[in-house]
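*Asks:* Below: sequence and its predicted model.
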Amino acid sequence: MSEPQGLDSTRHLPVIDRTAEGEPGRSASATEYTALPTLDDAEDGSGRFWSARRVPAAVLALLVLAAAGLLLYDVVAVRIDRPALHWRGSLARELAERPLDDTWVLVGAGVAAALGLWLLVLAATPGLRDVLPMRRPHPDVRAGLHRDAAAQVLRDRAMEVSGVQSVRIRMKRRKADVRAVSHFRELDDVRADLDAALADGVRGLGLARRPSLSVHVARPGRKG
């Protein structure tokens with residue numbers, strides 16, 4: 001009895017090759033490779049984490065509170081016919097008598113301007129430069145990876161490469177500076193393997209913005 005050949009018959013679907021045309025090979029250099037904008041690797045617009053600025057805010061609040069408390073106490077004391085504090089009278093007299101080009105006036109103005117500029121910078125910048133934003137698979141979840149942790153992960157991947165004796169990695173926001181020492185094998189071969197291993201390591205970090213790789217391989221220095 002023959003098998004029916006209708007619409008319900010089973011058909012073999014074509015196999016889709018998931019290797020992208022621009023995917024780097026194992027011997028390709030990560031510094032010369034630009035990843036294709038795929039769904040998993042595309043930047044999702046995650047910005048940097050904003051610092052709470054707790055210490056500067058607490059210090060400023062305490063200073064303002066102390067100054068306001070002293071000024072309010074002095075004003076109330078004058079209103080009830082008590083003498084004003086000595087420091088306020090001295091300060092008023094000094095401000096009235098000293099010229100604007102006096103050294104202490106300029107120093108005080110410079111300190112006040114520097115303090116104000118510092119507070120404006122703290123208020124306008126995100127802070128937390130050591131935390132790298134990660135991709136957001138869910139809009140309600142945000143995650144970050146510390147630079148030291150990312151550098152340690154890449155260092156472990158680099159130490160697995162044959163011929164690598166030691167590795168020093170400096171992780172930045174947009175760049176990972178890798179300096180390795182190889183005690184055997186050709187330096188070009190070691191660098192090619194490091195490029196491939198570290199490129200896979202960077203992809204595995206899941207960062208919202210992948211840092212570029214700068215890999216340098218050298219021989220160990222002579223002792224003595």
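*Replies:* Happy to help now that I have it. Predicted model only: the values in this text are computed from it and were never measured.
*Asks:* I'd say M159 and I169 touch.
*Replies:* No: with contact taken as C-beta atoms under 8 Å, M159 and I169 are classed as non-touching, separated by 10.5 Å. Bear in mind the C-beta positions are built from the backbone N, C-alpha and C, glycine included.
*Asks:* out of these two, which sits in the more crowded spot?
*Replies:* Remark: of M159 and I169, I169 carries more neighbours, 22 against 13, as counted by other C-beta atoms under 10 Å.
*Asks:* separation between that one and V178?
*Replies:* With distances defined as C-beta to C-beta, to the nearest Å, the gap from I169 to V178 amounts to 5 Å.
*Asks:* Overlap in contacts, the two.
*Replies:* In the contact map built from C-beta atoms under 8 Å, 6 or more residues apart in numbering, the residues linked to both I169 and V178 are L154, A158.
*Asks:* How many neighbouring residues does V131 have?
*Replies:* V131 sits with 17 neighbouring residues when counted by other C-beta under 10 Å.
*Asks:* Angles on the backbone of the nearest residue to it once chain neighbours are set aside, please.
*Replies:* Leaving out its chain neighbours, the residue that sits closest to V131 by C-beta to C-beta, 6 or more residues apart in numbering is G144, at 4.0 Å. For G144, the backbone dihedrals (degrees, to the nearest 10) come out as phi -140, psi 160.
*Asks:* my guess is G144 meets M134, correct?
*Replies:* Yes: at 6.0 Å, G144 and M134 qualify as touching, with contact defined as C-beta under 8 Å.
*Asks:* quick one: the residue nearest to P99 when sequence neighbours are not counted from A113, how far?
*Replies:* Spatial nearest neighbour of P99, chain neighbours left out: V105 (7.5 Å); criterion: C-beta to C-beta, 6+ apart. Here V105 is placed at a distance of 12 Å from A113 (C-beta to C-beta).
*Asks:* Output the lowest mean pLDDT helix or strand found in the chain.
*Replies:* For the chain, counting by mean pLDDT, DSSP states H and E, helix 86-97 ranks last in confidence among helices and strands (a mean of 75).
*Asks:* tell me the domain ranges of this protein?
*Replies:* Partitioning the chain according to automatic domain parsing yields domains covering residues 54-124, 131-218.
*Asks:* Tell me which of the ones you listed is the most buried.
*Replies:* Counting by mean count of other C-beta atoms under 10 Å, domain 131-218 has the highest mean neighbour count of the domains of the chain, with a mean of 17.
*Asks:* Apart from its chain neighbours, what residue comes closest to the spatially most central residue of the chain?
*Replies:* Averaging the C-alpha coordinates of the chain gives a centre point, and the residue nearest to it by C-alpha atoms, centre = their mean is R129 (3.5 Å). On the basis of C-beta to C-beta, 6+ apart, the spatially nearest residue to R129 that is not a chain neighbour turns out to be R173, at 7.2 Å.
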